[in-house]
Structures are given as structure tokens and as C-alpha cells.
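Participant: got a predicted structure plus its sequence, pasted below:
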Amino acid sequence: MSKLDTLVVPQVDSLVVSIAPPNLLRLQGTITMQEPSRVLGGFLRAVHEAVVADAVRVFELDVTELKFVNSSAIRLFLDWAGWLKAMSPATYRLKILTCRKFTWQKTSFVAITALAGGHIELVAAS
Amino acid sequence: MGAAVVRERGTLIGDRSHQQSYSKATNLIRVELNSGSEMLTCTHAFFSAYCDGNFRPIVAERLTVAAFELLENGLSYGGIREKVVIELLQVDRGLGIRVTNEAIPARLAKLLEQLERVGASPEGVFLEELKRSMTGTNRAMLGLARLAYEARLELFASVRDRHVEVIAHCGA
């Protein structure tokens, strides 16, 4: 059983979090809680560590149905970019599946990708 | 796009034409909340649903992010003696989200400084705030930068008596 299989998915109002091992995390809905790092920060860190432990080479984060996030939640993805950048060398590439119709994804993820030191790939779905 | 904060005789005002149009705005939604209220998420959901049902998707998305970021700032940084008011307004040249709250002098100064920075360079400030968030240096003021850059909204603020009102304008 992989480390990713053992993770407990947080229950959050307005957000559906699902993991599909070996290499997919899907976030659907909205993130509007005032301190998302308290509920989701630890979980995303655990996902990152599980991906490393499981020796996954490419991990997919599907946000195609993540309609809105507040600015505090954008920091969750920034943190993830920081973890990747801090690994030397990075053991996996993060592929973020985005949706073209959500403006926040276009602006935020392009910038986050630039800050991640080449370890993030963006794929835009229609 | 960006922000307009003009200092005149101690009262900060925005672009004069915007000020005039918003003084005659049609109020579509008005919600009053106690400062520090935990009604942020459901108020935002209400605004989001209204905008989704009444405006084009791109306009709805821009107003929705404005509603959240401005209301969160008002609830988090406004004084506790007065209610925080959020409104969706219709003017001749578009729509706007206005949040009014009690002004705390030290926080007001930071808000206005950020509005000026964002007005000068929306993209530059957005990227700078993202980088600051990454390094964890102080609480980054990403929300306002987001409104100017991501949502392409015009931001302006005014102070009257003890209240500050911030408007995010979405042109028609």
C-alpha cells in the first residue's frame, strides 16, 4: 500500500478533496475559509511527502473544477511550489490541470509556476 | 486599471468621476455584518450566486473575487464599534462592490499605501506579494493586488468621519 493510500482526506465545506493513487489529487468547489492553511496546509504537505516517499515521478493536481479560492488559499499552492523548489534536486514534477474559464487560475498559477524553479507544469483544459 | 487614491484636504478620494457616479449608484444588494463576523463565507456565496445568475461569467467572476477580498479586509481590519457594510452597486459605467467599515488609523494607512502601490503597478505588486507570501515575510496584502491585476478592477477609497469605503469598479 502506498503512502498516498494512507492519507485521510479532510472534510471541508464547499470543497471536495479526492485522491486517486498513485498520482492524482483533485480539488473541486471553492476555498473560502479564513485560514485554509490550518485545515488544508498540513494535508497538502502530507501529500507532498507521500509523493516523495512513493517515488512518484509526475504528480497531478486537478483544479479544473476549483471555481474560486481566496488569497489565503493561493498561498497553499505557493507553499507547495516552495517545497518543490527546496528539494535539491526535486524528485517529482507537479502537473497542475487547470481550467481556462477561471481567470484566477490563469494569473495565479502562471506566476506560481515561475516561482517554482521549473518543477511545475501547467496543463490548461477547455 | 489599478487604483486611484487622491489626497485632498485630509480626505482621501478616488477618481472624481467615479466618486460622482457612485454617489448616485443603484443599490442591488446591501448586507450589514458585525465586525469579525463569521458570515464571510455565506455572504460571499450569496453574492456569488447573485452575480452568476445576473451577469456574464467574466463579470460575475470579477465581482465575486472583489466581494470576498474587500469584505474579508473590512471584517478583519475594520473597527469593532460599527458594522461592516458590503454592497453591490450599479452605475452608468458598470458595476461595483463597495465595502464600508470603521477606520482604524494605523491599518488605514497600510490600506491606502497598498492601494497606491497597486495603482502604480498591478502586475508588479501582485508578483511581489506572491514572493513575499512564499518567504513568509509578514502577512502579504495579496488580496488587493489580486483585485487590480487578476480581476482588472479599478480600486478607489475614501474616508469620511470614522469610516473608510473601498470600491472595486468593474467597467461596463
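Facilitator: That came through fine. Residues are numbered from 1 along each chain as shown, chains lettered A, B, ... in the order given.
Participant: phi, psi for residue 100 please.
Facilitator: As the question left the chain open, I've gone with chain A. phi -60, psi -30 (degrees, to the nearest 10).
Participant: what about the residue nearest to B:R81 when sequence neighbours are not counted, neighbour count?
Facilitator: The shortest distance from B:R81 to any non-neighbouring residue, by Cβ to Cβ, 6 or more residues apart in numbering or on different chains, is to B:E102 (5.7 Å). To be clear about C-beta, it is placed using only N, CA and C from the backbone, and glycine gets the same treatment. By other Cβ atoms under 10 Å in any protein chain shown, the residues close to B:E102 number 19.
Participant: pLDDT below threshold where in the chain?
Facilitator: I'll assume chain A. Chain A contains residues with pLDDT under 70 at A:126.
Participant: try again with chain B
Facilitator: For chain B, the ranges with pLDDT under 70 are B:1-19, B:136-140.
Participant: please enumerate the strands of it.
Facilitator: B:2-4, B:6-8, B:11-13, B:26-33, B:84-91, B:94-102, B:154-160, B:163-171 (DSSP state E).
Participant: and for chain A?
Facilitator: Going by DSSP E, chain A shows strands at A:15-20, A:24-31, A:58-69, A:93-99, A:120-125.
Participant: quick one: the ones you listed as CSV, columns for mean neighbour count and distance to chain B too.
Facilitator: CSV is the format used below for the strands of chain A (neighbours: other Cβ atoms under 10 Å in any protein chain shown; distance: least, Cβ to the nearest Cβ, whole Å):
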stretch, mean neighbour count, distance to chain B
strand A:15-20, 15, 11
strand A:24-31, 19, 8
strand A:58-69, 19, 6
strand A:93-99, 19, 12
strand A:120-125, 14, 13
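Participant: let me have the ones you listed in a markdown table, extended by distance to A:A114.
Facilitator: Formatted as a markdown table, those follow (distance: least, Cβ to Cβ, whole Å):
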| stretch | distance to A:A114 |
| --- | --- |
| strand A:15-20 | 26 |
| strand A:24-31 | 21 |
| strand A:58-69 | 17 |
| strand A:93-99 | 13 |
| strand A:120-125 | 9 |
